[in-house]
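Chemist: Sequence below, structure please.
(chains A, B, C and D)
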Number of protein chains: 2
Amino acid sequence: MPPLPSSHPAPTSLTIGETARRTGLSVHALRFYEREGLLVGPVERTAGGRRRYAEADVDWLRICVKLRESGMPLADLKRFAELVRRGPGNEAERLELLDAHRHRVEAQIRALEECRSLIAWKVGVYADHVARGKAEGLWDPTGPR
Amino acid sequence: MPPLPSSHPAPTSLTIGETARRTGLSVHALRFYEREGLLVGPVERTAGGRRRYAEADVDWLRICVKLRESGMPLADLKRFAELVRRGPGNEAERLELLDAHRHRVEAQIRALEECRSLIAWKVGVYADHVARGKAEGLWDPTGPR
DNA sequence: GGTTGATCTAGAGCGCGCTCTAGTTCCTAA
DNA sequence: TTAGGAACTAGAGCGCGCTCTAGATCAACC
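Modeler: Here you go, the predicted structure:
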């Protein structure tokens, strides 16, 4: 995937606050992810001990955010990070992990679409009743509630 | 054991275990939902104090399951149950609640589809590398990890 | 009557994914 | 030089949605 257009000209060294803003994660979450071993490499530090994130870290974090959004558990994200950290030679494993997740995402989409149909139908029923100003039938146990 | 479903000859009275089987919820969850006020009506009891669910309860619970699956929080489900319990006259409120949820579901579907694209792309990259038996480029920080 | 299994209540516990606190240190700007 | 904000660590806390436990009762069957 092409790198996302950045409004900033690649400073190559970001504070945790800037990284938070760019990834949408909180600074707390960033430190938490690091502690949990969810990052691929160790984060650089300044002489004073402050974290310095590289662009590559932001790229990885953005992928993490997407995977999390789609419901990948932190444990899987950690496994993936470990595989990447270990370097070449385990591409098949990474593939398997991602592909399994893709299947889960697709199942989730199908489930949501089904829910959407149910909701759309019920919304239609209510809209109808509201428009007609009458609600007869809404209490029929075999009908919509 | 009461007659099995399929050709619903109106059992009109299900144990909590049967209701669990029919809705996919656990018996624990069923009691929990009841305590939380997520049901529309009070559940009947036998002389001995056991719950007896009606078909209408199962219908409602199945709707609950769908709404939960699509991410509706229990608090909203409770609000909805309260509106239904109060009877006719608040259809507009019910409509609003459902419609808001529908919008959330649609946003969620769009987000998931975006994630799916990302994953599919990465799966493609890895499949390619695995197929070629080589992994050059995987460590380029500007490339896929 | 006795055994077995389903159900009952009240309430504690848990897994996940952060979020927040306390107390301290670092850095920048005036 | 000093004030203020941002960042640091370790660890506690939390919101959600169940899940499980303990100890008792109920119900069906041999």
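
Chemist: Can you pull the domain assignment for chain A?
Modeler: Annotated domains of chain A cover A:10-87, A:101-137 [automatic domain parsing].

Chemist: Which among the ones you listed is found nearest to B:Glu114?
Modeler: Closest to B:Glu114 of the domains of chain A is domain A:10-87 (Cβ to Cβ; 7.4 Å). Where you see a C-beta, it was placed from the backbone N, CA and C, and this is true even at glycine.

Chemist: tell me the mean pLDDT over that closest one?
Modeler: In this model, domain A:10-87 has a mean pLDDT of 96.

Chemist: returning to that earlier point: save the domains of chain A as CSV, and put in mean neighbour count and distance to B:Ala131 too.
Modeler: Listed next are the domains of chain A as CSV, based on neighbours: other Cβ atoms under 10 Å in any protein chain shown; distance: least, Cβ to Cβ, whole Å:
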stretch, mean neighbour count, distance to B:Ala131
domain A:10-87, 16, 18
domain A:101-137, 16, 17
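
Chemist: As JSON lines, these with distance to DNA strand C would be great.
Modeler: Output for those, formatted as JSON lines (distance: least, Cβ to the nearest atom of the strand, whole Å):
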{"stretch": "domain A:10-87", "distance to DNA strand C": "2"}
{"stretch": "domain A:101-137", "distance to DNA strand C": "12"}
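
Chemist: Chain A: strands as residue ranges?
Modeler: Under the criterion DSSP state E, chain A contains strands at A:44-45, A:51-52.

Chemist: Go through the ones you listed and name the closest to DNA strand D.
Modeler: The minimum distance between DNA strand D and the strands of chain A falls on strand A:51-52, with 3.3 Å, by Cβ to the nearest atom of the strand.

Chemist: In a markdown table, list the strands of chain A along with distance to chain B.
Modeler: Putting the strands of chain A into a markdown table (distance: least, Cβ to the nearest Cβ, whole Å) gives the following:
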| stretch | distance to chain B |
| --- | --- |
| strand A:44-45 | 13 |
| strand A:51-52 | 15 |
